[in-house]
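Participant: For reference, the sequence and a predicted model appear below.
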Amino acid sequence: MPEDAVHKEMRMRTWHGHRRSVALLCIGLSLAMASCRRPAPEDPVNIECVTRLRLPYYPPIAQSARMGPSMTIAVSLSADGAPRSVSFENVSGERPDLVERIFRPLVEGALKESRFDAACGGKTVRLVFSFQIGRDVPSDTVSFVFPNRFEIEGKPQLVQVDTAK
């Protein structure tokens, strides 16, 4: 083959290769842009809706009984972002019914005093409260674990038994 024909064929291959690359680039960009426009699925946690959170305290009776439950709390917000209802989900412990009876008034009271963003009206916010008895804590402590877990650690209640009789 003459040299001009070889160069012409190489230029044609290069042109077709560039055209294919440009076409793939355009397809890739259009897919990326389409995925950016899709609305994100609703976050089941909605922690960004919390503006001020009042945490429940560890009830002394639960500390004395060495109850260490963990519970997921679902707070349904009204249209203006105020807490409408509080429900308990995934309550752990030996007796979930007893755990809920002891902790419900404290959790509901604390969450009714909490504040949520008005833009989140109608959404549900999920929080996890994990109550634990700490061994070497001088007083009750709270830790936050991303995205929505609060570990509330209480000091063990000391029981003094009088053996002199």
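Facilitator: The structure has been received and is ready for your questions.

Participant: Past the lowest-mean-pLDDT helix or strand in the chain, which element shows up next along the chain?
Facilitator: Every helix and strand in the chain was compared by mean pLDDT, DSSP states H and E; the lowest is helix 3-37, with a mean of 49. For helix 3-37, the following helix or strand on the C-terminal side (DSSP states H and E) is strand 50-52.

Participant: The residue lying closest to residue 140 once chain neighbours are set aside: how many residues sit nearby?
Facilitator: Residue nearest to residue 140 in three dimensions, not counting chain neighbours: residue 154, with 5.2 Å by CB to CB, 6 or more residues apart in numbering. Every residue, glycine included, has its C-beta placed from N, CA and C. Per other CB atoms under 10 Å, the neighbour tally for residue 154 reads 23.

Participant: so who does the residue nearest to residue 62 when sequence neighbours are not counted touch?
Facilitator: With CB to CB, 6+ apart as the criterion, residue 62 has its nearest non-adjacent residue at 5.6 Å, and that residue is residue 102. Listed by CB atoms under 8 Å, 6 or more residues apart in numbering, the contact set of residue 102 reads 59, 61, 62, 67.

Participant: Kindly recompute the last result at 7 Å.
Facilitator: Contacts for residue 102 (CB atoms under 7 Å, 6 or more residues apart in numbering) come out as 59, 61, 62.

Participant: May I have the secondary structure class of the closest residue to the second one other than its chain neighbours?
Facilitator: What it means is residue 61. Of all residues not flanking residue 61 in the chain, residue 102 sits nearest, at 6.5 Å (CB to CB, 6+ apart). At residue 102 the chain is in helix, as set by DSSP: H, G, I helix; E, B strand; the rest coil.

Participant: Can you tell me how far residue 102 is from residue 142?
Facilitator: According to CB to CB, to the nearest Å, residue 102 and residue 142 sit 19 Å apart.

Participant: With residue 70 instead?
Facilitator: Distance of residue 70 to residue 142, given as CB to CB: 14 Å.

Participant: more crowded one of these two?
Facilitator: Higher neighbour count among residue 70 and residue 142: residue 70, with 16 against 12, using other CB under 10 Å.

Participant: Which strand residues bridge that one?
Facilitator: residue 130 (DSSP bridges).

Participant: can you list the domain ranges for this protein.
Facilitator: 1-38, 47-154 (automatic domain parsing).

Participant: Using CSV, lay out those domains together with distance to residue 163.
Facilitator: Formatted as CSV, the domains of the chain follow (distance: least, CB to CB, whole Å):
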stretch, distance to residue 163
domain 1-38, 71
domain 47-154, 20
